[in-house]
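Kindly return the folded structure for what I paste below:
(one chain, ligands or ions: 1)
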Amino acid sequence: MARPKIALIGAGQIGGTLAHLAAIKELGDVVMFDIAEGTPQGKALDIAESGPSEGFDGVFKGTNDYADIAGADVCIVTAGVPRKPGMSRDDLLGINLKVMKSVGEGIAAHAPNAFVICITNPLDAMVWALQQFSGLPAEKVVGMAGVLDSARFRHFLSVEFGVSMRDVTAFVLGGHGDTMVPLARYSTVAGIPLPDLVEMGWTTQEKLDAIIQRTRDGGAEIVGLLKTGSAFYAPATSAIEMAEAYLKDQKRLLPCAAFVKGAFGLDGMYVGVPTIIGAGGIEKVVDIKLNKEEQAMFDKSVDAVKGLVEACKGIDPTLA
Ligand code: APR
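Numbers count the residues shown, from 1 in each chain. Predicted coordinates:
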């Protein structure tokens with residue numbers, strides 16, 4: 001059977017890392033597309049040349065022509081600009097919305113059957129716009145945010161508790177921004193919920209609150225340190241986890257920015273919720289129960305995402 005084809009739209013920091021991870025994990029052949037001439041070609045060749053030492057096979061191609069993504073099974077979109085210190089993800093809206101239009105049209109023309117994972121920020125608005133511009137079914141267009149935010153939360157918790165990251169599970173829902181909702185009640189160390197761990201005296205509520213805030217600020221912390229761009233290793237790893245779930249029909253339960261209609265009382269919008277990813281794309285949105293306080297945080301986050309979507313409609317009336 002032919003190897004799956006993975007198209008990476010955007011061959012910058014995240015795009016290059018995605019290609020390298022896809023190669024090492026032998027997920028399929030990789031096509032890197034970018035408007036910058038030479039960048040995708042150079043990165044694709046460099047990665048292919050790491051194959052003999054690492055021991056993977058596959059075809060790695062860089063291109064500036066959308067025709068080369070033809071028939072892709074998965075498209076991962078990072079095209080656009082990242083933020084600089086002092087910028088919020090929302091400040092990228094105007095520039096990246098235009099990019100989503102050309103990317104959506106390119107995918108619709110050449111890879112209409114792909115599972116599309118958007119990473120470009122501001123995430124919840126960009127994945128919505130990408131679905132609108134591409135016209136692909138909503139269950140095949142998804143945003144990567146919750147896996148990354150949850151991974152950051154899990155990392156900080158594992159350091160606090162001194163346990164393996166593998167034994168920490170965590171859920172971060174809502175929009176991928178300052179209003180994201182880390183859910184302590186649904187986050188555990190080997191099944192023990194965080195509130196119980198506070199009661200057991202393993203940590204304090206103050207420490208937990210500080211970790212939750214650090215999770216919300218996780219992207220900005222990296223931007224502040226790097227100064228010239230935003231995070232790329234963990235975002236790429238998170239998207240690869242989602243792509244693998246689709247390609248291998250793993251039925252993973254992962255928090256993603258999915259189109260939600262009905263669940264969580266929403267009437268049709270993209271926001272971070274628990275989902276099941278398998279061969280059908282987003283096969284299910286898992287409608288978990290939120291308590292009053294969690295619901296209030298989620299509602300606030302939903303309102304923030306709605307505001308960004310309205311701003312997109314203001315910039316591009318074809319989206320209205
Ligand atoms: N079509 C294709 N590629 C484009 C386009 C376009 N219209 N516009 C820009 N690009 C390419 C750039 O040439 C660059 O190579 O997108 C790439 C973006 O790479 P980086 O600047 O290195 O950004 P990166 O760190 O990869 O982040 C990309 O993901 O997490 C988000 O906020 C982040 O929106 C940003 C995106």
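
Dig out what residue 60 forms beta bridges with.
Beta-bridge pairing for residue 60 (DSSP bridges): residue 30.

residues contacting it?
By Cβ atoms under 8 Å, 6 or more residues apart in numbering, the residues touching residue 60 are 19, 23, 29, 30, 32, 44, 45, 47, 48. To be clear about C-beta, it is placed using only N, CA and C from the backbone, and glycine gets the same treatment.

Run a quick neighbour tally on the nearest residue to the third one once chain neighbours are set aside.
Nearest non-adjacent residue to residue 29, counting by Cβ to Cβ, 6 or more residues apart in numbering: residue 59, 4.2 Å away. Neighbouring residues of residue 59 were enumerated by other Cβ atoms under 10 Å; the total is 12.

was I right about residue 59 contacting residue 30?
Yes: between residue 59 and residue 30 there is a contact at 7.5 Å, judged by Cβ atoms under 8 Å.

Count the neighbours of residue 94 for me.
Residue 94, neighbours per other Cβ under 10 Å, totals 11.

repeat for the one 10 residues further on
A count of nearby residues for residue 104, using other Cβ under 10 Å, gives 23.

isn't there a helix covering it?
Yes: under the criterion used here (DSSP: H, G, I helix; E, B strand; the rest coil), residue 104 sits inside a helix.

and the nearest residue to it once chain neighbours are set aside, which of the three is it?
Spatial nearest neighbour of residue 104, excluding adjacent residues (Cβ to Cβ, 6+ apart): residue 133 at 2.7 Å. Assigned by three-state DSSP, the conformation of residue 133 is helix.

Enumerate the residues of the stretch 1-150 of the chain near the ligand.
Residues of the stretch 1-150 of the chain found near the ligand (Cβ under 6 Å from any ligand atom) are 9-15, 34-36, 39, 78-83, 92, 96, 99, 102-103, 119-121.

For the stretch 201-320 of the chain, what lies in contact range of the ligand?
229, 230, 232, 235.

Now do the same contact list for the nearest residue to the third one once chain neighbours are set aside.
Going back to what we said before, that points to residue 232. In this structure, residue 232 finds its nearest non-sequential neighbour in residue 13, 3.9 Å apart by Cβ to Cβ, 6+ apart. Residue 13 sits next to 82, 229, 230, 232 when contact means Cβ under 8 Å, 6+ apart.
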